[in-house]
Structures are given as structure tokens and as C-alpha cells.
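In: sequence first, predicted coordinates after that:
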Amino acid sequence: MVDMALCNLCEGCLELAPEVFSLNQVHGYIEVAELGRYPEEKVQEAIADCPAGAIAWEEA
């Protein structure tokens, strides 16, 4: 999940995992794709590189 209250829209996650993250151009926020399986290594890298600490795994 992306906490939009923290996200500064740096778009780093879009570069690291474009198959997971996308920018909603209309509303101006980052969206997470609904996938059956996420590329854990890429998502972990996006979490680690997020300067705002806005990305986290969501417990199901």
C-alpha cells in the first residue's frame, strides 16, 4: 500500500516497479496494481528507497 498522506510523488517506485505502481494522472496519486503475486524483491526495493516511508506491505 502507498500512504498518500506521506507520499511526495517522487515517482521512484514507478521506476523501480512499473508493473506494480502507476501514477493516476487524473487524481495525482500513486496506485498499486492488483496482482495475484507481487515481485517481492522489486517491491522491497521500492519500500527501502521511498524517501517519505510511504510504501508498506499490507497484511491480508
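Out: Received, thanks.

In: in the chain, which spans are helices?
Out: 12-16, 40-49 (DSSP state H).

In: now these in a markdown table, with distance to Asp3 and mean pLDDT?
Out: C-beta: built from backbone N, CA, C; applies to glycine. Listed next are those as a markdown table, based on distance: least, CB to CB, whole Å; pLDDT from 0 to 100:
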| stretch | distance to Asp3 | mean pLDDT |
| --- | --- | --- |
| helix 12-16 | 12 | 97 |
| helix 40-49 | 12 | 97 |
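
In: most packed of the ones you listed?
Out: helix 12-16 (a mean of 18; mean count of other CB atoms under 10 Å).

In: if we can go back for a sec, turn the helices of the chain into CSV, including distance to Trp57.
Out: Shown next, in CSV, are the helices of the chain (distance: least, CB to CB, whole Å):
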stretch, distance to Trp57
helix 12-16, 13
helix 40-49, 7
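
In: quick one, which of the ones you listed is nearest to Ile55?
Out: Closest to Ile55 of the helices of the chain is helix 40-49 (CB to CB; 4.7 Å).

In: got the contact list for that closest one?
Out: Defining contact as CB atoms under 8 Å, 6 or more residues apart in numbering, one finds that helix 40-49 is touched by Gly12, Cys13, Leu16, Ala17, Glu19, Val20, Phe21, Ile55, Ala56, Trp57.

In: which residues does the residue nearest to Leu14 when sequence neighbours are not counted bridge with?
Out: Spatially, and ignoring its direct neighbours in sequence, Leu14 is nearest to Phe21 (5.3 Å; CB to CB, 6 or more residues apart in numbering). Phe21 forms beta bridges with Val32, as assigned by DSSP bridges.

In: and Phe21, what does it touch?
Out: Counted by CB under 8 Å, 6+ apart, Phe21 has contacts Val2, Cys13, Leu14, Ile30, Glu31, Val32, Ala33, Ala46.
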